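**Q** Just a sequence and a predicted model for now, questions to come.
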Amino acid sequence: MKTALATTSLVLALASSASAGGFVGLGVGTGSQLDDGKTKFAENGRSDRLTVGYDLPLGFGRIGVEGAYTGYGLTKPGHTMDGTSIWLAGRFDLTLSDGFAVFGRLGVQTTNVTDASDSYDGKGPVLGVGAAFRPGFKVLDLSVWVDLTYLRSSLDHAGVVVPASDHFATAGISLGF
């Protein structure tokens, strides 16, 4: 009983901390590098990302959850396609010093690549690593970050399921609330 009470008190104390809270971010990155081993996709422009999440401070970093929507363009012979990837992942930030941190994420994602005549859909894991900087002033809870995100999917195209992978390098900014 005492352990449960102590654990509950700790979680509530962390959740009520002034630096705990939600965040929203925008990022711009490299184009899609989708590879399913059969179809030759080529990137078409850049990728754009919208992230939302919630995190809690720890003594040595932060732990939280984030969701993201990434949109991008692709081409395959004769077609220009639009792609989207949506994920939900756990994230851990390890504070290094003076506002600098490195982070990792692990979660699940769904990918859709489509045009007027073709559609590829799949689900799988998402992995990510990156670095972030949070300035010391607290007028705004601001974070500037860069990351590399890897997606692995089992893409279904007209009933045929093939393994595929994709990755993005992204730079962005997040604002806490």
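**A** Received it, and whenever you're ready, just let me know what you need.
**Q** which parts of stretch 35-43 are buried?
**A** 36, 39, 41, 43 (16 or more other C-beta atoms under 10 Å). (Glycine included, C-beta is placed from N, CA and C.)
**Q** Contact partners for the residue nearest the centre of the chain?
**A** In the chain, the C-alpha closest to the average C-alpha coordinate belongs to Ala68, at a distance of 5.1 Å (C-alpha atoms, centre = their mean). By C-beta atoms under 8 Å, 6 or more residues apart in numbering, the residues touching Ala68 are 49-52, 85-87, 89.
**Q** Need the buried ones from the residues you listed selected in PyMOL.
**A** To isolate the buried members of these in PyMOL, using 16+ other C-beta under 10 Å:
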select buried, resi 49+51+85+86+87+89
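**Q** how about TSV for the contacts of Ala68, with distance to Phe133 and pLDDT added?
**A** Shown next, in TSV, are the contacts of Ala68 (distance: C-beta to C-beta, whole Å; pLDDT from 0 to 100):
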residue	distance to Phe133	pLDDT
Arg49	18	97
Leu50	20	98
Thr51	16	97
Val52	20	97
Ser85	25	96
Ile86	26	97
Trp87	23	97
Ala89	21	98
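**Q** ok, the contacts of Ala68 vs Ser119, which is closest?
**A** Closest approach between the contacts of Ala68 and Ser119, by C-beta to C-beta: Ser85, at 14.6 Å.
**Q** What residues are bridge-paired with the residue nearest to Gly130 when sequence neighbours are not counted?
**A** Closest residue to Gly130 apart from its sequence neighbours, by C-beta to C-beta, 6 or more residues apart in numbering: Asp147 at 2.8 Å. Beta-bridge partners for Asp147, by DSSP bridges, are Gly130, Thr170.
**Q** got the contact list for Asp147?
**A** Taking C-beta under 8 Å, 6+ apart, we find Asp147 in contact with 27, 103, 128-131, 169-170.
**Q** same thing but 6 Å
**A** Going by C-beta atoms under 6 Å, 6 or more residues apart in numbering, Asp147 touches 128, 130, 170.
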